[in-house]
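Undergrad: Requesting a structural model of the entry that follows:
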Amino acid sequence: MVLNQQSASRKGDCEIVAAVTDYLFQLIAKQVEDRGLVVWYDPEKAYMQAAADLALPKTAIARYDGSFFSLRHEIDQRLNDGQPPRLVVYVPMSQEETHGALIELEAAGTVVRPGQQPPNRNTKLAVVARNALRPILGDEQVSELEKQVDSGKLSLADLNALADKGKDISTGILSLIFGTANPQDVTLASTINVMTVRSKRRRHRTSFGTSSKSASTSNCRARQLSPISESDWRDTSC
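TA: Numbering: from 1, shown residues only. As a prediction, the model looks like this:
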């Protein structure tokens with residue numbers, strides 16, 4: 001069992017937290033702010049490294065390492081004041097596997113785990129990845145990634161790497177097309193391009209209509225000057 005007291009914010013650290021891990025940490029932090037005590041179950045052991053790196057302001061982080069007796073002994077003293085402490089208890093197994101060993105902690109605070117409801121307590125890796133990566137990669141790519149995660153082909157580390165590459169790719173494409181990656185400049189350039197295309201289309205339609213009308217008029221005049229044949233009597237277009 002490991003119990004660490006964190007007093008400094010992660011944002012003050014020099015280390016940069018990857019996008020998917022950062023989203024996960026924000027989810028956990030929100031539950032700490034709302035409920036104080038958070039029991040975090042990770043049956044797929046998808047977040048073991050993230051849990052080892054987790055640090056929240058003025059919050060203790062407890063990690064199960066094989067002994068519930070040792071875990072309870074260390075954290076029970078924090079429950080004596082009657083108020084839920086700012087505490088995250090990470091358990092790399094399913095809630096069912098604990099056989100109620102942490103039921104008092106769950107009752108005093110809240111539980112986050114894969115499939116937990118409401119959605120802001122659901123730590124399923126595919127769901128966390130979808131919410132974290134959608135603004136970076138878009139719906140279509142994220143939908144495919146979600147399938148890969150569900151099939152066990154992508155880990156948290158893989159998803160963080162894809163997020164970093166996605167940011168670079170998106171920025172590079174915008175710079176290539178518009179000459180800038182600044183959102184306001186991109187919007188302005190895109191609007192100008194649309195207006196230019198519409199203007200060209202209007203000019204083309206106007207020119208095409210004038211040319212067709214002139215050709216039709218010329219044909220009629222030519223018919224009027226030529227001898228009238230039987231077929232001309234049936235043609236009333238002029």
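
Undergrad: When you work out contacts or count neighbours from here on, use the C-alpha atoms and nothing else.
TA: Fine.

Undergrad: in this structure, which spans are helices?
TA: Ranges of helices in the chain, per DSSP state H, are 19-35, 48-53, 68-75, 103-108, 125-137, 139-150, 156-178, 183-225, 230-234.

Undergrad: how far off helix 125-137 does the first one point, in degrees?
TA: Angle, helix 19-35 to helix 125-137, by axes from the mean of the first three to the mean of the last three C-alpha atoms, to 10 degrees: 120 degrees.

Undergrad: Export helix 19-35 to CSV, keeping only CA atoms.
TA: The C-alpha coordinates for helix 19-35 follow below in CSV (Å, rounded to 0.1, in the frame of the first residue of the first chain):
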residue,chain,number,x,y,z
ALA,A,19,-3.9,14.7,-23.4
VAL,A,20,-5.8,11.5,-22.5
THR,A,21,-4.1,11.2,-19.1
ASP,A,22,-4.8,14.8,-18.4
TYR,A,23,-8.5,14.3,-19.2
LEU,A,24,-8.5,11.4,-16.8
PHE,A,25,-6.9,13.4,-14.0
GLN,A,26,-9.4,16.2,-14.5
LEU,A,27,-12.2,13.6,-14.1
ILE,A,28,-10.7,12.3,-10.9
ALA,A,29,-10.0,15.8,-9.6
LYS,A,30,-13.6,16.9,-10.2
GLN,A,31,-14.9,14.0,-8.1
VAL,A,32,-12.4,14.9,-5.3
GLU,A,33,-13.7,18.5,-5.4
ASP,A,34,-17.3,17.3,-5.3
ARG,A,35,-17.1,14.4,-2.8
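
Undergrad: Out of the helices of the chain, which gets the lowest mean score?
TA: Per-stretch mean pLDDT for the helices of the chain is lowest at helix 230-234 (a mean of 44).
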